[in-house]
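> Sequence and predicted structure below; questions after.
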Amino acid sequence: QVHVVESGGGLVQAGGSLRLSCAASGRTFSTYAMGWFRQAPGKEREPVAAIRWSDGTYYADSVKGRFTISGENAKNTVYLQMDSLKPEDTAVYYCAAAVSRRPRWWYDHEQYDYWGQGTQVTGSS
């Protein structure tokens, strides 16, 4: 069993910054990728960013230039630095880990095996 835990959410004024953290733990395993997804009230879950340890980082167009994903493969941890936050960034942010195989499409939530409980991010106008 793999446990994924996020932290770092909160309320921030538009234009402000937040840093989310995520750690995957459990019995001996390795991750092929870790990603961040978000879901706003009344909307479907959408991809935000991901890091595939073999070939780099990926971002949704809506966050490019504002968010930065980073992490440590050996520790199965990932971070999301969110700058220039906008009210439309308000959502529950979920961290996900791909353990069974390398995701072919980083943005496809079905290719991630384990998920955290989510952390609320609110950008106030």
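Nice, thanks for sending it over.
> pLDDT wise, what is the spatially most central residue of the chain at?
Centroid-nearest residue in the chain, with C-alpha atoms, centre = their mean: W36, separated by 1.7 Å. On the pLDDT scale, W36 is placed at 98.
> What about Y94, how many residues nearby?
Applying other C-beta atoms under 10 Å, we find 22 residues neighbouring Y94. For every residue, glycine as well, the C-beta is placed using N, CA and C.
> Make sure W106 is actually in contact with W36.
No. Between W106 and W36 there is no contact under C-beta atoms under 8 Å: 10.5 Å.
> Can you check which residues contact both of these two?
47, 50 (C-beta atoms under 8 Å, 6 or more residues apart in numbering).
> show me where the chain has strands.
2-7, 10-13, 18-26, 33-39, 46-52, 56-59, 67-72, 77-82, 91-98, 114-115, 119-124 (DSSP state E).
> can you give me how far the fourth one is from the chain middle?
The chain centroid and the centroid of strand 33-39 are separated by 3 Å, computed with C-alpha atoms, centre = their mean, to the nearest Å.
> can you check the fifth one too?
Once both centres are worked out by C-alpha atoms, centre = their mean, strand 46-52 turns out to sit 6 Å from its chain's centre.
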